[in-house]
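Q: Quick one: sequence plus predicted model below, questions after.
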Amino acid sequence: MVGKEDAKYMIPRTIEELDRIRDECKSMVNKRATSSAAIAIVPVPGADLVADVAIMLELLPAINRKFGLSQEQIEKLDSAIKAKILVIITSIGSQLIGKVITKELVVLLLKKVGVRVAIKQVAKFIPFVGQAVSAGISFAAMKYLGNSHIEECYSVCKRVID
């Protein structure tokens, strides 16, 4: 029998549970992407980048925890499951699953969408239209990074279930 305390350290057991978690995480990503877009409207250079880093520092570990794939959760798993998960994580090349999410790691991720971020910064200086473009780019970048991480977590858990 699994107690509530033990359950929070387990990865999903069924595809239905996995799908539900993915949907919950996508909702979290949409909310954070919307916040990022709202902050991007503010015409203060750099404020949105600081906010984006803070959002990602909170969002990525939350996604890991939902899927049972935070570093702490993986450490508490049975050694055979833990080894399987670590092999899967390595095989898909994830930099975020089962790791401590640092500011440096988030900045590296934001560099992946660097062209968008640069355009966003320049666009802010064009009245009205520029702020809308900046907000749209911010929303899209956050959504892309968050949803990509969700799909990586989903893939790891699905392979463990199968």
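A: Received, thanks. It should be emphasised that the depicted structure is a prediction, and the values quoted were computed from it without experimental measurement.
Q: Please name the nearest non-neighbouring residue to Gly68.
A: Ile11 (3.8 Å; CB to CB, 6 or more residues apart in numbering). Using the backbone N, CA and C atoms, a C-beta is placed for each residue, glycine as well.
Q: wait, doesn't that neighbour sit right on Arg159?
A: No: the criterion here is CB atoms under 8 Å, and Ile11 misses it with Arg159 at 10.4 Å.
Q: quick one, which of these two is more surrounded?
A: Ile11 (20 against 15; other CB atoms under 10 Å).
Q: ok, for Ile55, nearest residue in space, not its chain neighbours?
A: Here the residue nearest Ile55, using CB to CB, 6+ apart, is Arg32, at 4.9 Å.
Q: List the contacts of that neighbour.
A: Ile55, Glu58, Leu59, Met142, Gly146 (CB atoms under 8 Å, 6 or more residues apart in numbering).
Q: so which strand or helix has it?
A: Here Arg32 sits within helix 15-40, counting by DSSP states H and E.
Q: For that helix, buried residues please.
A: 18, 21-22, 25-26, 28-29, 32-33, 35-37, 39-40 (16 or more other CB atoms under 10 Å).
Q: Now render those as CSV, adding distance to Ala47 and pLDDT.
A: Supplementary listing: the buried residues of helix 15-40 in CSV, determined by distance: CB to CB, whole Å; pLDDT from 0 to 100:
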residue, distance to Ala47, pLDDT
Leu18, 37, 96
Ile21, 32, 97
Arg22, 31, 98
Cys25, 26, 98
Lys26, 26, 98
Met28, 22, 97
Val29, 21, 97
Arg32, 16, 95
Ala33, 17, 94
Ser35, 13, 92
Ser36, 11, 89
Ala37, 13, 88
Ile39, 7, 86
Ala40, 9, 81
